[in-house]
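1. Generate a structure from the sequence data that follows.
(chains A, B and C)
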Amino acid sequence: MRLKIDKLGVVIAALLAYGAFLAPFAQFRANRIVPGEARSILEALPAGLGAALLAFVMISIILIVLKTPTIVRLVLGLVALLVLAVLIGLSAGHLTPPENTYARVSPASGFWLLSFAFALVTADALARLKLSPFARVALLAAVAGAIAALLMSGAWDGLSILKEYGSRAETFWLEASRHVVLALGSLAAATLVGLPLGILCHRVEALRAGVLNVLNIIQTIPSIALFGLLIAPLGWIALHVPGAQAHGIRGIGAAPAFVALFLYSLLPVVANTVVGLAGVPRDANDAARGIGMTDRQRLFGVELPLAFPVILTGIRIVLVQNIGLATIAALIGGGGFGVFVFQGIGQTAMDLVLLGAVPTVALAFAAAIVLDAATELSSNKPGRAA
Amino acid sequence: MIEIDSITKRYGDTTVVDNVSMTIAPRTITVIVGTSGSGKTTLMRMINRLVEPTSGKILIDGEPNSAIPGYELRRRIGYAIQGHGLFPHRTVGENIATVPTLLGWEKSRIDAKVKELLTLFQLDPAAFGPRYPHELSGGQQQRVGVARALAAEPNILLMDEPFGALDPVIRAKAQEDLLAIQKHFGTTIVLVTHDMEEAFHLADKIAVMDKGRIVQYAAPEEMLVNPATDFVETLIGAGERPFRLLSIGSVGEATEAGEAEGEAIAAATSQRDALSALLWAGRDALPVVGADGTRLGRVTLAGLARRAARPQ
Amino acid sequence: MKRYLPNLLRLAALIILIAFLVQPMLFEPLLKPLVQANAPAVYNQGSLLSLTLSHLATVFTATLAATIVAVGLAILVTRPIGAEFLPLSRSLVNIGQTFPPVAVLALAVPAVGFGEKPTLIALFLYGLLPIFENAMTGLSTLPPAIVEAARGTGMTAWQRLTKVEIPLALPVILAGIRLSVTISLATATIGSTVAAKTLGEVIIAGLQSNNLAFVLQGGVVVAVLAVLIYDAFSAVERVLSRRAGRV
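-> Numbers count the residues shown, from 1 in each chain, chains lettered A, B, ... in the order given. Model prediction:
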């Protein structure tokens, strides 16, 4: 059999080689804010393990450069990511002097490069395999499960980001729930308002351009400004509308953040509803009218089901966008993962920044995969053209 | 002259063109017909090397077409396709000037050529030259597509279903234009179509392709009289044979001496159309006139019937 | 009259914007009601004009770099030689867009420290995605008849790319750049939390001193810039696509 070279593999192999042999694997700091010192793979891991990891990377390079079957590449990528995840935890234990609670060990560029390269291998294999939506969600659940198991087992406890977590575990979960409530709550509100508004815009042409223009302009206002601008009106409402304060409406805090996220969410929901309804085939509408459906029956029986995948795409955009934007809420006291990001930036404590940023990215990523799968399922229902 | 010598094209395990050899005479129209998937388009695209053959060779005027880079070869061979493929971001004039510009002609020569071709295709250069393709009708776009293919004065013109997207009325006109253009420039034309009517109307020689092979390569009359296989016979359509035979010849060839009453028929009309006219007029004979209007004689039902019968 | 109205409004917005940036004190009476008696109503910790210019410069630099890299990569993956990279590129774009801009910014800080650099990197990385996605779509969905005709007329691969494919894909590529610029204009304000010189400074100063006028002027200047730039791009795209017959 003639061996063929995989072009993408060559690029990934270069990343792997650089990450393994030239870049530092882990970073050691005497305390949480001093600059770190770099540690290579051989220095960062107990004697035999470092050499084993280098050997593993070299074998992987050979497998990746050659045109190996896609399923082999997928397994290789996943196994390698797991190996890296376990080893970085071990390196923390190895590098931290005994009884020292100030020292911090964090992953360095070599670790990130190796992880990125193997993630590329995995992503490429997944893209080529064209997995079904269910398989993708199952894989996501498996990865989430593996991460949860690593966290529970204490394998990562020596890493700096988890030391940051350890000292504020309670706040972490509080902020996490605030973050999710902000992102999901504003999405729910936007869907409740945006869907009828979108249907209205579809039916009443005179309204369409105006509504969409206003929503478009709202999107261009930078998030921190919109959050800030809502402080005043909400503060006024809190003072002057009886009962408002009892419902948690205040000038600063979660209320303006919620309203701002709601406003940002309206455009994708309304626009996709309009586009989805406009895309309903004329034939389907004519047929529905022809067999004597009322406007209402036509809307719920024909138009909305056919427009559903497009509307769902809008909801995906909103959810991913909201999970990201909810970070900004911390600037006006709205809570969420942004609290750690901005505290971390303020204290130049990068591990704290990561404690806020990593869960945000993970959440957005998971939301995108789940909703993409849902969109694909809803547009692939039997009896409907793709 | 195009000499195709045992050419084969395989994609993986599928053989699309299977060991085809044929010689195309200069200054003729050769039509390749076949069902879709028969390999007719692939065969034609190997002439200008849009597709590289797996094996075999093609000689153009004695030179192998692989002697020069593909793009240089294609600049020497005109190419017109279904749906015209005009560049939407360039004006009609710029579209026609494409190949001359690639060849580095002088601007004045290019301008003159564009003007000449537009005039030849009955499009006013001043009005149509600066327009964009989407501002033209389907028939006009198709004419510009052919004009672009002819701009560098190629000896050979390859056409892939060039009239496929046109409605019947415009298509008939485009076919007449093509015949006139071919006479004017003496171009060797290779045209691919699945429309037998079109093939019999235009072709000097027809090549029928089936499953990658040429099952018959012959003049239209020959093919009507002696179809090589059942497939060719089906393709021609047994019920259509006498009419196809008549559609090949012109009234001029069928004119007899004598007088007749009724509306005169032009000598250039096909015998098939003349038969139609006779039947519709309910007459046994009609007068025939030349292009200048002079009476040449008459055409009769009996005369046409003799011509429509299987030649002995 | 109705046809000119949007353009008149845009012109008015531009004039008011420039007037505000050059002579902000003229607008003090308008902003005064938003602040407490003795607080300043117009940003006084630096020049609004220079902050706006440096905001624009940051966005421009990042977008220019993103455009060059993204279009270059899109050209590469749509050639036969780069075809192996296409499936991965598509999924990377999808994954990349789930990264919140704030997170990209926050993650850039550990790598390069505070100041303009993390902002530039975040805007560059985040700006790559829409441009790359659109360029890839534009270059891979050209009408087959036109690509075929370009080959048939004897254009070389380079001539096809520069004379046919890029001109035809240009409106779609521009739409990507427009998206990228609009996102970057807003995201750049967050850059001020890591000490970049952008209009975010004005907004953050307002948030910190509870000065609504500051928040408003910072936000509105960015929004007006974004709307004007968005409209300008849209207008260019319309002209180009009308010419390309892709109406």
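2. Tell me how far the residue positioned nearest the centre of chain C lies from residue C:97.
-> Among the residues of chain C, the one closest to the centroid is residue C:181, at 0.4 Å (Cα atoms, centre = their mean). Going from residue C:181 to residue C:97 by Cβ to Cβ, to the nearest Å gives 16 Å. In this view, the C-beta of every residue, glycine as well, is placed from N, C-alpha and C.
3. Show the pLDDT at the closest residue to the residue nearest to the centre of chain C other than its chain neighbours.
-> Among residues not flanking residue C:181 along the chain, residue C:63 sits closest, at 5.4 Å (Cβ to Cβ, 6 or more residues apart in numbering or on different chains). Note for residue C:63: predicted pLDDT of 95.
4. now residue A:1
-> Residue A:1 is given a pLDDT of 49.
5. got the buried residues for stretch A:133-147?
-> Residues of stretch A:133-147 classed as buried: A:133, A:136, A:137, A:139, A:140, A:143 (neighbour count, 16 or more other Cβ atoms under 10 Å in any protein chain shown).
6. so what's the residue in the stretch 51-200 of chain B that chain C sits nearest to up against?
-> In the stretch 51-200 of chain B, the residue found nearest to chain C is residue B:85; the distance is 3.0 Å by Cβ to the nearest Cβ. Residues near residue B:85 by Cβ atoms under 8 Å, 6 or more residues apart in numbering or on different chains: B:145, C:143, C:145, C:146, C:148, C:149, C:150, C:152.
7. Name the residues that touch the helix or strand harbouring the fourth one?
-> Under the criterion DSSP states H and E, the helix or strand holding residue C:146 is helix C:144-152. Applying Cβ under 8 Å, 6+ apart, the set of residues contacting helix C:144-152 from outside is B:48, B:50, B:74, B:79, B:81-88, B:145, B:158, C:159-160, C:163-165, C:168.
8. buried stuff in it?
-> C:145, C:146, C:148, C:149, C:150, C:151, C:152.
9. What of stretch A:358-378?
-> A:358-376, A:378.
10. got the buried residues for the lengthiest helix in chain A?
-> The single longest helix within chain A, with elements called by DSSP state H, is helix A:169-203. Buried residues in helix A:169-203, defined by neighbour count with 16+ other Cβ under 10 Å: A:172, A:175-176, A:178-179, A:182-183, A:185-187, A:189-191, A:194-195, A:197-199, A:201-202.
11. Likewise for stretch C:112-128?
-> For stretch C:112-128, the neighbour count (16+ other Cβ under 10 Å) marks C:116, C:118, C:119, C:120, C:121, C:122, C:123, C:124, C:125, C:126, C:127, C:128 as buried.
12. Which of those residues fall within helices?
-> When DSSP H is applied, the buried residues of stretch C:112-128 are split such that C:116, C:118, C:119, C:120, C:121, C:122, C:123, C:124, C:125, C:126, C:127, C:128 fall in helices.
13. Quick check: closest non-adjacent residue to the fourth one.
-> The shortest distance from residue C:120 to any residue other than its chain neighbours is 5.2 Å, reached at residue C:62 (Cβ to Cβ, 6+ apart).
14. Please name every helix or strand in contact with the host helix or strand of that neighbour.
-> Per DSSP H and E, residue C:62 falls inside helix C:48-78. Helix C:48-78 is packed against helix C:5-22, helix C:86-96, helix C:116-140, helix C:166-190, helix C:200-208, helix C:212-243, with contacts defined by 3 or more Cβ pairs under 8 Å, 6 or more residues apart in numbering or on different chains; DSSP states H and E.
15. Find the helix or strand that residue B:190 is a member of.
-> Going by DSSP H and E, residue B:190 is part of strand B:188-193.
16. and that strand, what's its mean pLDDT?
-> 94.
17. That strand vs chain C: in contact?
-> No - using Cβ under 8 Å from any Cβ of the partner chain, strand B:188-193 stays clear of chain C, with a minimum separation of 13.1 Å.
18. neighbouring contacts of that strand?
-> Residues outside strand B:188-193 that contact it (Cβ under 8 Å, 6+ apart): B:1-2, B:24-33, B:40-41, B:44, B:47, B:155-164, B:178, B:182, B:199, B:202-203.
19. Any idea how many residues pack against the closest residue to residue B:233 other than its chain neighbours?
-> Leaving aside its chain neighbours, residue B:233 sits nearest to residue B:227 (4.2 Å; criterion: Cβ to Cβ, 6+ apart). Residue B:227 has 20 neighbours, counted by other Cβ atoms under 10 Å in any protein chain shown.
20. Verify the stated contact: residue B:227 with residue B:241.
-> No - using Cβ atoms under 8 Å as the test, residue B:227 is too far from residue B:241 to be in contact (9.1 Å).
21. what kind of secondary structure is residue B:84 in?
-> coil (DSSP: H, G, I helix; E, B strand; the rest coil).
22. neighbours around the residue of the stretch 101-250 of chain B found nearest chain A, how many?
-> Proximity of the stretch 101-250 of chain B to chain A (Cβ to the nearest Cβ) peaks at residue B:134, 23.4 Å away. Residue B:134: 14 surrounding residues under other Cβ under 10 Å.
23. How confident was the prediction at it?
-> Listed pLDDT for residue B:134 reads 88.
24. next one: residue B:264
-> pLDDT for residue B:264: 87.
25. what's near enough to touch the closest residue to residue C:180 other than its chain neighbours?
-> Nearest residue to residue C:180, sequence neighbours excluded (Cβ to Cβ, 6+ apart): residue C:127, at 4.1 Å. Residue C:127 is in contact with C:62, C:63, C:66, C:67, C:70, C:180, C:181, C:183, C:184, counting by Cβ under 8 Å, 6+ apart.
26. which of these lies closest to residue A:8?
-> residue C:70 (18.2 Å; Cβ to Cβ).
27. shouldn't that closest one be in contact with residue C:131?
-> Yes - Residue C:70 is within contact range of residue C:131, at 3.8 Å (criterion: Cβ under 8 Å).
28. Give the residues shared as contacts by the two.
-> Joint contacts of residue C:70 and residue C:131 (Cβ under 8 Å, 6+ apart) are residue C:176.
29. quick one: is the helix or strand hosting residue A:377 near chain C?
-> Per DSSP H and E: residue A:377 is located in helix A:350-379. Yes - shown here: helix A:350-379 in contact with chain C (Cβ under 8 Å from any Cβ) through A:350, A:353, A:354, A:356, A:357, A:360, A:361, A:364, A:365, A:367, A:368, A:372.
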